[in-house]
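*Asks:* next comes the sequence, and after it the predicted model I'd like to discuss.
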Amino acid sequence: MAYCQQSDLEAVIGKQQLAELTNDTPNQYTFTVSGIVTAPAVANTYSNNGLTLTIVSLSLTNGAGTIVAAAPSGSATAPLSAGVLTRVTGNGDASISYSAVSASDPTIIAAMITQADNEIDAKAGQVYNVPFTPGTNCTSIPTEIFQISVAFAVYYCFLRRIIIVATPKAILNRYNEAMANLEAVSNQQLNLDDGNPTIASSETMIETGTEDPQAGFYDPTGDNPLSSY
């Protein structure tokens, strides 16, 4: 289970910005559809808002899911935010209702979120059981983990366009703050109380306030404990 979703990234930088960062195929759109009886095939065409859209791929379960379709290169208009796709060619349903459309590439966004979550697990896993899975090792995704995931994923999206799109200072600051929090989690300086995640092992927990401040300190002027061997 991903620690955040595409909509969470859109809430931070907006749909338009996210699309510019993640869509490597201009004029390609992902439609959220439902109620499909006969699914269209790849290369079938549908129209909406004066555009003729060619089906690129489908991900459907029981007639619902997503359809990716491409408009002609250089199209000046875009599909309506919600509406109906009307068949032009092919044997799919004559009309397909969709509730949302995005110019972002969901596959790329999922990859950015996975990259973020893998980095989180690598560090948080030094203390907690990972991945954080509600109903298994936590009651819900800890708020701190959710926030770190969003910050990392948004930052990684900007890195995809680092040559042509400068990462805004606010995004960079948010990433650095999230990284500091993740380091604090892995060093047991920040507890994930929200979500009730389980500790990986009681042996990994260090009782704060009881550590010897000199532990691990080397005094070159002192006695060498190995000199008698």
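*Replies:* Cool, got the structure. Numbers count the residues shown, from 1 in each chain.

*Asks:* C-alpha from now on. contacts and neighbour counts both.
*Replies:* Fine.

*Asks:* test my guess that Val33 contacts Val68.
*Replies:* No. Counting by CA atoms under 8 Å, Val33 does not reach Val68; the two are 10.3 Å apart.

*Asks:* name the SS class of Ile67, please.
*Replies:* Of the three states, Ile67 takes strand under DSSP: H, G, I helix; E, B strand; the rest coil.

*Asks:* which residue packs closest to it, ignoring adjacent ones?
*Replies:* Distances taken as CA to CA, 6 or more residues apart in numbering place Leu58 nearest to Ile67, at 4.5 Å, with adjacent residues excluded.

*Asks:* give me every residue that touches the one you found.
*Replies:* Shown in contact with Leu58 (CA atoms under 8 Å, 6 or more residues apart in numbering): Val42, Gly65, Thr66, Ile67, Val68.

*Asks:* greatest separation within these: which pair is it?
*Replies:* Using CA to CA, the contacts of Leu58 span at most 15.1 Å, a distance reached by Val42 and Gly65.

*Asks:* quick one: buried residues of the longest strand along the chain?
*Replies:* The longest strand of the chain (DSSP state E) is strand 51-61. Within strand 51-61, the residues that count as buried by 16 or more other CA atoms under 10 Å are Leu51, Thr52, Leu53, Thr54, Ile55, Val56, Ser57, Leu58.

*Asks:* what mean pLDDT does it get?
*Replies:* Mean per-residue pLDDT for strand 51-61: 96.

*Asks:* for stretch 104-120, same thing?
*Replies:* 95.

*Asks:* that one: which residues count as buried?
*Replies:* Neighbour counts over stretch 104-120 (16+ other CA under 10 Å) mark 104-106, 109-110, 112-114, 116-120 as buried.

*Asks:* from Asn48, how far off is the spatially closest residue to Val33 that is not a sequence neighbour?
*Replies:* Leaving aside its sequence neighbours, Val33 sits nearest to Tyr98 (CA to CA, 6+ apart; 4.3 Å). Distance of Tyr98 to Asn48, given as CA to CA, to the nearest Å: 11 Å.

*Asks:* quickly list what's touching both of these two.
*Replies:* In contact with both Tyr98 and Asn48: Val84, Leu85, using CA under 8 Å, 6+ apart.

*Asks:* looking at those two, which one has more neighbours?
*Replies:* Tyr98 (22 against 17; other CA atoms under 10 Å).

*Asks:* now for that one: which residues touch it?
*Replies:* So Tyr98 contacts Phe31, Thr32, Val33, Ser34, Ala82, Gly83, Val84, Leu85 (CA under 8 Å, 6+ apart).

*Asks:* out of the residues you listed, which are inside strands?
*Replies:* Phe31, Thr32, Val33, Ser34, Gly83, Val84, Leu85.

*Asks:* enumerate every residue touching Ser102.
*Replies:* Counted by CA under 8 Å, 6+ apart, Ser102 has contacts Lys15, Ala19, Tyr29, Thr30, Phe31.

*Asks:* most neighbours among the residues you listed, which one?
*Replies:* Scoring the contacts of Ser102 on neighbours with other CA under 10 Å, the highest-scoring entry is Tyr29 at 26 neighbours.
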